[in-house]
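In: sequence plus the predicted model coming up.
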Amino acid sequence: MQGDDVILMDETGSGKTFGSVLALIPEISRPHIGITTLYVVPHRDLAYQIESWCHKLVSAQPSSSVDPSTVARALARPNTTYETFAEIRKNPPRILISTPGALIDAMQMGGLRLESTVRRIIVDEVDAVMKIPPRYRHIQLRNRHESEVAQVINKLLRLMWEDRRPKPQMVMMSATLKSHVRSWLFNQEGWMAERVVRLHGIQEKLDSGEFESNERTTQVTHSVVVVEADGRLRNLADQHPDSGEPEERARGILSEDPGAVLELLDQESEGGSGFIGDSWQQTTTSTGKGLTLPPTVLEAVATSVALDVSHRALLVIPTGISIGPVVETLRGFGVEARALNFREEIEHVSTRLEDEHKAHTKLRAPNIAQGTSPDHHSDIDEEFVPNPTLLVATTTVVRGIDIPTLSHVYIAGGLGSDADYRHIAGRAGRFGMPGTVISFVGAKGAEKMLGGTRERWIQKVFEKIGVQNTPFPHIG
């Protein structure tokens, strides 16, 4: 962060966002009179996570008397009120972390002026923030309306130029910062200087021999489950159920009676859940856009969470499907499901397993004083396993987020490009940890069932990014 413009591309889970936050911390001891860093992110959960990181890093500084709330503040809709803007103008943080919509509100309606104080603009997931098309076509981009947030940045740079102030440092980051995205950035007038620091983490590691090109993909298992028009499930490599091949044996735990399995896994609540045993008489979760989530998909997810997940998992559903009914259905299956919400539950989502173990140990401590032997206490601690939590989110709000101990990602359709798959699947296996990604796609004739994600399309994506399909064990 010495002042040069930066273009940073590295794989998902490599620590790009956290590294950029760490680089800002040395500035906290310096006096400031306004917002010096504008940090733009694609969605509010990432904004709240970065805010939390900033506050924790500031609090951890030795002999620091700086109030963390004065260092960083997240701004996201719907919390873009006149009262919020007035408070920011009165007590500006050093770092403002904003979503595109909130930044537009702040500049156009909130009277926020940054041209006299801002020294740095960081854009995380720049291809998503700027809504750059997946493929670069000069004619397409020339005729395409510029994104609103790009217009806001253009206006800010123009005001700074008119006031004869130096251009702010520009830091652009993404795991999918491909050549057409870089070309778009350099075509923006006044954004990037002639001298630019280019950091390509993947290529640099390959060139140095630090790891082979397939090292990361071997850390993460990728599975595809195909959903037929009638809701039946099969693995990607399986022959179509109507192909005439006899099915002499049940190939997995969900192959014959998923409801019975889930009934055994469900906690024996009085009266039952009302969802178990007759899955195709259940109400399919759907919207007016033709998107549907068959009950068998949620049954398969619930079974996998119960049998495979030790701590946390993430279910990503197509944008347009309401999260509430999905969460309630999963809870009916006995899963501890909740909507992903970093603003309300940042501590829960960010808690690591060892921290929960410490909290559990602290709760157990009184038993020792009451006569329980230390050895017995130790045995209890070793057996401590928290209930697995399934977080539910839509495809547009998971890019960039980091959830400790997340082992499984379930993708229930809604993918539009291989970049979408990379970013969503990248929530698993972060920082070199093993992970599992299970994708549900529509078979021929059932493409609309899962937001248009098709069987043949996912096969091409796997070929392109170089991953192998591993059969989902609970159906085949």
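Out: In hand now; what should we look at?

In: give me the number of residues near residue 463?
Out: A count of neighbours around residue 463, defined by other Cβ atoms under 10 Å, yields 10. Quick note: C-beta positions are derived from backbone N, CA and C, even for glycine.

In: report the contact partners of residue 429.
Out: Counting by Cβ atoms under 8 Å, 6 or more residues apart in numbering, residue 429 makes contact with 13, 216, 219-220, 435.

In: which pair in those has the greatest spatial separation?
Out: 216 and 435 (10.1 Å; Cβ to Cβ).

In: in JSON lines, list the contacts of residue 429 along with secondary structure and distance to residue 428.
Out: Listed next are these as JSON lines, based on DSSP: H, G, I helix; E, B strand; the rest coil; distance: Cβ to Cβ, whole Å:
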{"residue": "13", "secondary structure": "coil", "distance to residue 428": "8"}
{"residue": "216", "secondary structure": "helix", "distance to residue 428": "11"}
{"residue": "219", "secondary structure": "helix", "distance to residue 428": "9"}
{"residue": "220", "secondary structure": "strand", "distance to residue 428": "6"}
{"residue": "435", "secondary structure": "strand", "distance to residue 428": "3"}
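
In: dihedrals phi and psi, the residue lying closest to residue 200 once chain neighbours are set aside?
Out: For residue 200, ignoring the flanking residues on the chain, the nearest one in space by Cβ to Cβ, 6 or more residues apart in numbering is residue 9 at 5.2 Å. Dihedral pair for residue 9: phi -130, psi 130, per degrees, to the nearest 10.

In: how close does residue 9 get to residue 192?
Out: Distance of residue 9 to residue 192, computed by Cβ to Cβ, to the nearest Å: 14 Å.

In: which one of those two is surrounded by more residues?
Out: Using other Cβ under 10 Å as the criterion, residue 9 and residue 192 rank with residue 9 on top: 22 against 18.

In: residue 436 and residue 307 touch, don't they?
Out: No. Counting by Cβ atoms under 8 Å, residue 436 stays clear of residue 307, with 11.9 Å between them.

In: so between these two, which is more surrounded?
Out: Ranked by neighbour count (other Cβ under 10 Å), residue 436 and residue 307 place residue 436 first, with 21 against 13.

In: residues contacting that one?
Out: For residue 436, the contact set (Cβ under 8 Å, 6+ apart) comprises 220-221, 223, 308, 407-409, 428.

In: tell me the one of these nearest residue 102?
Out: Of all these, residue 102 sits closest to residue 409, with 27.0 Å by Cβ to Cβ.

In: mind checking pLDDT for the closest one?
Out: Looking at residue 409, its pLDDT reads 97.

In: beta partners of it?
Out: residue 314, residue 437 (DSSP bridges).

In: what residues are up against it?
Out: Shown in contact with residue 409 (Cβ under 8 Å, 6+ apart): 313-314, 316, 424-425, 427-428, 435-438.

In: next one: residue 437
Out: By Cβ under 8 Å, 6+ apart, residue 437 lies in contact with 220-223, 408-409, 411, 425, 428.

In: one more time with 6 Å, if that's ok
Out: 222, 409, 425, 428 (Cβ atoms under 6 Å, 6 or more residues apart in numbering).

In: quick one: which of those residues is nearest to residue 298?
Out: Closest approach between these and residue 298, by Cβ to Cβ: residue 409, at 15.3 Å.

In: could you check how far the closest one is from residue 126?
Out: The spacing between residue 409 and residue 126, counted by Cβ to Cβ, is 23 Å.

In: which residues are contacting stretch 185-196?
Out: 4-5, 7, 157, 170, 172.

In: any of the residues you listed buried? List them.
Out: Neighbour-count burial (16 or more other Cβ atoms under 10 Å) applied to these gives 5, 7, 157, 170, 172.

In: give me the buried subset of the contacts of residue 436.
Out: Buried positions within those, assessed by neighbour count (16+ other Cβ under 10 Å), are 220-221, 223, 407-409, 428.

In: in JSON lines: the residues you listed, plus distance to residue 231.
Out: Formatted as JSON lines, the buried ones among the contacts of residue 436 follow (distance: Cβ to Cβ, whole Å):
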{"residue": "220", "distance to residue 231": "28"}
{"residue": "221", "distance to residue 231": "25"}
{"residue": "223", "distance to residue 231": "18"}
{"residue": "407", "distance to residue 231": "27"}
{"residue": "408", "distance to residue 231": "22"}
{"residue": "409", "distance to residue 231": "22"}
{"residue": "428", "distance to residue 231": "26"}
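
In: so which of the residues you listed comes closest to residue 147?
Out: residue 409 (27.8 Å).

In: now that closest one: how far from residue 7?
Out: Going from residue 409 to residue 7 by Cβ to Cβ gives 28 Å.
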